[in-house]
Every structure is written in structure tokens, then in C-alpha cells.
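Trainee: Need the 3D shape of this:
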Amino acid sequence: MARYRGPKTKIARKFREPIFGPDKALEKKNYPPGQHGPNKRRMKQSEYAVQLAEKQKAKYTYGILERQFENLFDKASRAKGITGENLLQLCESRLDNTVFRLGISNSRRGARQLVSHRHITVNGEVVNIPSYNLKPGDVVAVRERSKANTMIVESVNGSVLSAPWLEFDKTELAGKFLSIPRREDIPENIKEQLIVELYSK
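Mentor: Numbers count the residues shown, from 1 in each chain. Here you go, the predicted structure:
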């Protein structure tokens with residue numbers, strides 16, 4: 001499965017945000033990468049550049065490739081409601097993102113790997129498609145024979161659930177997708193309206 005495999009810190013510095021989680025290098029160098037360092041005079045970005053950067057940030061945050069992202073936007077634009085909110089809700093409803101939110105993995109990249117390697121079940125059935133779209137009421141759990149996995153156990157023990165649209169039982173290593181998240185509950189710093197404006201051109 002194709003996915004971004006490049007340097008994570010460089011991308012995080014580009015957007016000046018810890019997109020892939022806490023990063024000490026980002027804390028030390030909170031300015032865009034480049035040989036001229038923080039003192040380089042940068043031209044004012046065009047409206048298109050700002051919109052494009054916001055789309056790229058959303059893609060990297062959720063680990064979604066261009067074609068997948070376009071398909072999600074198309075689906076969001078055809079659904080009822082506000083297109084930008086619909087887009088983020090679809091991103092949050094992905095199985096790999098939910099595994100990350102539940103604390104079963106400490107990163108979306110790790111969550112994607114757990115799903116691909118058949119460690120995760122949905123409603124009792126093994127699902128190995130990271131982009132699988134969850135619906136309210138779906139139960140996401142760690143497969144029985146994977147419950148002793150050291151990485152999963154350590155991640156769960158060190159996590160605190162902060163997504164009000166989910167519930168998780170650490171004993172059973174099973175969680176429930178209660179509802180579609182509201183925009184105000186999604187913590188990601190993404191200006192979705194800029195993405196909508198970009199695709200509307």
C-alpha cells in the first residue's frame with residue numbers, strides 16, 4: 001500500500017506544527033526547513049499557496065494520498081451539511097484514525113500498520129483496510145490473538161481517550177464508534193474552508 005515514507009520532521013517544520021506527534025527537533029527549530037535558516041526573507045504567499053498548504057497539511061495529518069483525498073472531498077461535497085466539516089468527519093471516521101484515537105496505537109502510521117497486519121476487528125470480523133469507513137455503533141477491537149502484543153499494550157496503558165465520539169474498554173481492548181464527531185470536538189488545527197475554496201476553483 002502506497003503511503004508517505006519521507007522525513008516526518010521536515011514536513012512538521014514546513015507547517016510549523018507537530019503533525020506526526022511530539023517532535024523535539026520541531027521544538028528546537030520551529031521554522032520552515034531550508035539552507036538559509038530562519039532569517040531568510042520569504043515572499044508573501046498567494047491565496048492559492050495558502051489553500052494548497054492547508055490541503056497538504058490535512059493529507060499528511062491523516063496519512064491520505066492525493067487520489068484518496070479527492071475521493072473523500074467528492075463524497076463530502078455530495079453529502080448534506082457543510083462540505084468542510086463533512087470532509088473532516090470522513091477523515092475521522094476512517095478505521096486507522098479511530099484505532100489511533102482509541103489509543104491502540106500512538107500514531108496514525110502505527111495504527112495503519114496494525115490494521116493492515118490484521119490485528120484489528122470491526123464488529124467481530126477482521127478488517128485489514130485502513131480506509132474502512134466506520135458508522136455509529138460499530139465496535140472496533142484488538143483481535144484476540146493480538147491482545148498480548150507489546151506495542152499495543154504499552155500504547156493502551158499510556159493513553160488517555162480524549163475523543164467524546166468514542167468509548168474504550170482497556171480491559172477488553174475494545175472500543176465503540178458512538179457517533180459522527182462534531183467539528184468542535186475534532187482537535188486538529190485544520191482550516192477546512194480553505195480546502196473547500198481550493199477544490200472550488
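
Trainee: Pick out the residue nearest the middle of the protein.
Mentor: Residue closest to the average C-alpha location in the chain (C-alpha atoms, centre = their mean): Tyr62, at 2.8 Å.

Trainee: Contact partners for that one?
Mentor: 91, 94, 97, 108 (C-beta atoms under 8 Å, 6 or more residues apart in numbering). Where you see a C-beta, it was placed from the backbone N, CA and C, and this is true even at glycine.

Trainee: try 7 Å
Mentor: 91, 97, 108 (C-beta atoms under 7 Å, 6 or more residues apart in numbering).

Trainee: next one: Phe168
Mentor: 102-103, 161, 175.

Trainee: rewinding a little: and the residue nearest to the centre of the chain, how far is that from Tyr48?
Mentor: Distance of Tyr62 to Tyr48, given as C-beta to C-beta, to the nearest Å: 22 Å.

Trainee: Let's test this: name the helix or strand in the protein with the lowest mean pLDDT.
Mentor: helix 24-28 (a mean of 55; mean pLDDT, DSSP states H and E).

Trainee: what's downstream of that one, the next helix or strand?
Mentor: helix 47-62 (DSSP states H and E).

Trainee: Okay, strands next: where are they in the protein?
Mentor: 120-122, 125-126, 139-142, 166-169, 174-177 (DSSP state E).

Trainee: The shortest one: partners in the sheet, and parallel or antiparallel?
Mentor: It stands for strand 125-126. strand 120-122 (antiparallel) (DSSP bridges).

Trainee: low-scoring pLDDT stretches of this protein, where are they?
Mentor: 1-43 (pLDDT under 70).

Trainee: Report the contact partners of the closest residue in space to Glu197 that isn't next to it in sequence.
Mentor: Once flanking residues are discounted, Glu197 sits nearest to Gln51: 5.5 Å by C-beta to C-beta, 6 or more residues apart in numbering. Applying C-beta under 7 Å, 6+ apart to Gln51 gives the contacts 194-195, 197-198.

Trainee: residues in contact with the closest residue in space to Val50 that isn't next to it in sequence?
Mentor: Leaving out its chain neighbours, the residue that sits closest to Val50 by C-beta to C-beta, 6+ apart is Leu194, at 6.4 Å. For Leu194, the contacting residues are 50-51, 54, by C-beta under 7 Å, 6+ apart.

Trainee: Highest neighbour count among the contacts of Gln51?
Mentor: Neighbour counts for these (other C-beta atoms under 10 Å) peak at Ile195, which has 25 neighbours.

Trainee: Just to check, it is in contact with Gln56?
Mentor: No - counting by C-beta atoms under 7 Å, Ile195 stays clear of Gln56, with 9.8 Å between them.

Trainee: Look up how far Lys201 lies from the closest residue to Arg94 other than its chain neighbours.
Mentor: Nearest non-adjacent residue to Arg94, counting by C-beta to C-beta, 6+ apart: Ser131, 5.6 Å away. Separation of Ser131 from Lys201 (C-beta to C-beta) stands at 26 Å.

Trainee: repeat for Gln56
Mentor: Distance of Gln56 to Lys201, given as C-beta to C-beta: 16 Å.

Trainee: More neighbours: which of these two?
Mentor: More neighbours surround Gln56 than the other of Gln56 and Lys201, with 16 against 7 (other C-beta under 10 Å).
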